[in-house]
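**Student:** Quick one, what's the 3D model for this:
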Amino acid sequence: MKKNSRTKLQIILAHTFTYFNMLNIALAGLIILSGQYKNMLFLGIVISNSLIGIIQELKVKKLIDALTVMTTDKARRIDSDGITEIPIEDLRIGDRIRLTAGDQIAADCTVISSSGMEVNESLLTGESVPVLKKEGDFLYSGSFITAGSGVGSIVHTGESNYAEQLIKKARTKKRASSEMQDAIKRIIRYVSYVIIPIGILLFFVQRFRAGETISDSLVNTVAGVLGMIPEGLVLLTSVSFILGVGRLARKRALVQEMEAIEALARVNVLCLDKTGTITTGELRVERVIPCGSTTEAETGILISGILSAFSDRNTTSEALHAYFPSKTDLCVTDSIPFSSRRKYMGAAFRDRGNYVLGAPDILCATENGTEDLLRRADSYASEGYRVLLLASCRNLADTPGKLREITPLAMILLTDCIKEDAADTFRFFTGQGVNIKVISGDNAATVSSAGMRAGIPGAQHYINAPSLPEDPEELQSVVNKYSVFGRVSPEMKQSIIKALQASGNVVGMVGDGINDVLSLKDADCGIAMANGAAAARQSAHIVLMDSDFSSMKDIVREGRTVIANIERVSSLYLTKTIYSVLLCLLFTVLGKTYPFIPIQLSLIGGTAIGIPSFLLTLERHEEVTSSGFLRHVLRFSLPAAVTLTLSLIAIQFAGTSLHWDDAVVSTLNVFTGGAVSIGLVVAVCRPLNRRRAILCIGITALFLGALLLFPGFFNALPLL
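**Tutor:** Next comes the predicted model:
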């Protein structure tokens, strides 16, 4: 996995050489020309903002780099010198590779020899049951050896591998959706278009229509342009996202795109697989149902005897070992190992006969009088159980059709083990208004049963993917009716994600396999497990480094806190931009002196925007609007901006009519600007609590104290 954070130099340059920073430096140059140096206070704020951004991102970089793990994948090639470890990119067609339990298959190959080798292909197919491989079978790259060992011969390399074909389709990963970032970028783009022409026009009006000196014209122009710059809003969002990345990193979540924080916070449909999220990947024996006079104790002895004939273990045998006694006095004289082709295993015992253990529909397919047993087995399977049948037979054979005189003895019902924290996790998402959709390669009935036991709402509504319509419009109308989808191919997973998005949902996808790559890259927010396939991690927007789905609760809370706080305080910044644009346009048309100078705007911005936004973003506040960021922000900022604009125009006309002194008008302007801005802070803080009340009182005292103690510095009349 490549490092996802920027270099230190990139971070410094990104926070220093911005469009608005360059514009601020140009405005500072104009102030130097005017000679009114006190109005350069805004430059200190610009510098401090850049430093804050650099320092915060450098801190977060350390956390991100610590989570990002560099891996070099290797394979064990067999040649004349023995077994040699080589990088997988050095593999060639025809090479022989050694495969043992725990290995990930590096390239498509065929089996030359197998010693009980079982392969988990769930990362590719979604099917969680391991497959026993024999000589001549095909091995997919990206799958794992779960038991046994063997040798494979390479048949595909590089992009010819099946796994690479899936990955190739995901090369153009969709960026995490960010309505907030898109809205802010639009604001910046529109302001960038008008800020320079309006500034030039404002200067000429101040100089030649309002009759100001060149020095005052420059200062008034800088004030107008300075107010239009939404740099505080840009800093707020970037620093908030950076801090959010840092908080999530402390919770062992690697954010590969900062926009993913917002996307995750707005998700209202979360799609996930069964294994690792609902279940642990392990099985448990639930019931033993005798089919005749055989007792459960006798059943346990026979099953233990069959298991003792084989050294390799898988999830099914582990569950059987855990339930039945491990000791047996039976002497094994012959055995048939389990095969995915025959779907049963068997053993012959001295003085006891022959016994088989496997799928009821396979063992009883040719036996008369087993119709009722098969109906019962199908009924149990529809309830989500995995059903095994223990039976005696006259002979052992490697194909079901050669077995003779099969007598059913007992059915063993197994279930997937539900994660202990699954129910609590799904309750959290339900309480947050997030719908859960389970998309799995397993049978839908089995997945539905696990989902119901884990407390997923609507898990009883399930369907197998082959029954879904292929037409996108028809699929869109169907997907919302079901909560569980079984037998889903990678391409169908992608189609389900797109259908949910087409219905207006913000869709998150949790996955860990190559079969999840297509859906991860198309989801609004893709979340991968660190212990899954590398391709899944690369396609995802967020990686859970602990591979623990329950940690999603804390991650969603953090994301919602970040976004909710940005939404709440963005109106403070946007208000200044709106009233500055309105004032520039109106005072240009009216030919009046611009009502503010930069030092006054610095006072208003510092007390009524900077301080409250910093403190409010530290609060724990998780209520996020699902959509309409700009509409939500304008609900506060537009009325405040219009109120301030109309009030200032009224003051200018009143000053002209009543022949007020310029100092009186300037004092009223700055008081009105402060009053409206602080009033907006109060509105944003509602409902008021003790902390917010202290904040509102504190910024009011700070604003009034500055004017009372240093009136001349802010071009205001002394009030004491």
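**Student:** can we go C-alpha only for contacts and neighbour counts from here?
**Tutor:** OK.
**Student:** Could you list the buried residues of the biggest helix by length in the chain?
**Tutor:** Across the chain, the longest stretch assigned as helix under DSSP state H is helix 552-590. Of the residues in helix 552-590, 552, 555-585, 587-588 count as buried by neighbour count, 16 or more other CA atoms under 10 Å.
**Student:** Same check on stretch 680-696?
**Tutor:** For stretch 680-696, by 16+ other CA under 10 Å, it's 680, 681, 682, 684, 685, 692, 695, 696.
**Student:** will you turn those into JSON lines that also has pLDDT, distance to residue 505 and secondary structure?
**Tutor:** Output for the buried residues of stretch 680-696, formatted as JSON lines (pLDDT from 0 to 100; distance: CA to CA, whole Å; DSSP: H, G, I helix; E, B strand; the rest coil):
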{"residue": "680", "pLDDT": "94", "distance to residue 505": "33", "secondary structure": "helix"}
{"residue": "681", "pLDDT": "94", "distance to residue 505": "33", "secondary structure": "helix"}
{"residue": "682", "pLDDT": "94", "distance to residue 505": "34", "secondary structure": "helix"}
{"residue": "684", "pLDDT": "89", "distance to residue 505": "28", "secondary structure": "helix"}
{"residue": "685", "pLDDT": "88", "distance to residue 505": "30", "secondary structure": "helix"}
{"residue": "692", "pLDDT": "91", "distance to residue 505": "34", "secondary structure": "helix"}
{"residue": "695", "pLDDT": "94", "distance to residue 505": "37", "secondary structure": "helix"}
{"residue": "696", "pLDDT": "94", "distance to residue 505": "38", "secondary structure": "helix"}
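**Student:** Could you give the average pLDDT over the longest helix of the chain?
**Tutor:** Averaging pLDDT along helix 552-590 yields 86.
**Student:** Mind giving me the packing neighbours of it?
**Tutor:** helix 179-204, helix 214-228, helix 231-250, helix 259-266, helix 422-431, helix 611-616, helix 629-658, helix 662-685 (3 or more CA pairs under 8 Å, 6 or more residues apart in numbering; DSSP states H and E).
**Student:** Check these for me: which has the lowest mean pLDDT.
**Tutor:** Ranked on mean pLDDT, the bottom entry among these is helix 231-250, at a mean of 76.
**Student:** Direction included, what does the helix or strand following that one pair up with?
**Tutor:** Using DSSP states H and E, the helix or strand that directly follows helix 231-250 along the chain is strand 253-255. As defined by DSSP bridges, the strand partners of strand 253-255 come to strand 542-544 (antiparallel).
**Student:** quick one: average confidence on the strand it pairs with?
**Tutor:** Mean pLDDT, computed over strand 542-544, is 87.
**Student:** how far does that strand sit from the chain's center?
**Tutor:** Between the centre of strand 542-544 and the centre of its chain there are 7 Å (CA atoms, centre = their mean, to the nearest Å).
**Student:** Would you mind pulling the contact partners of it?
**Tutor:** Around strand 542-544, the neighbours that count as contacts under CA atoms under 8 Å, 6 or more residues apart in numbering are 252-257, 260, 525-530, 537.
**Student:** 6 Å instead?
**Tutor:** 253, 254, 255, 256, 527, 528, 529, 530 (CA atoms under 6 Å, 6 or more residues apart in numbering).
**Student:** Quickly list what the first one is bridged to.
**Tutor:** Note on residue 253: beta-bridge partners residue 544, judged by DSSP bridges.
**Student:** same deal with the fifth one?
**Tutor:** The partner list for residue 527 in beta bridges (DSSP bridges) reads residue 510, residue 542.
**Student:** Surely it is in contact with residue 540?
**Tutor:** Yes: the pair residue 527 / residue 540 is scored as a contact, 5.3 Å apart, by CA atoms under 6 Å.
**Student:** Now residue 582. Nearest residue, chain neighbours left out?
**Tutor:** Here the nearest residue to residue 582 in space, its sequence neighbours aside, is residue 645; by CA to CA, 6 or more residues apart in numbering that works out to 6.9 Å.
**Student:** Mind pulling up the pLDDT for residue 40?
**Tutor:** So residue 40 comes in at 72 (pLDDT).
**Student:** Make residue 1 into 57 and carry on from there
**Tutor:** Noted, 57 is the first residue going forward, which turns the last one into residue 96.
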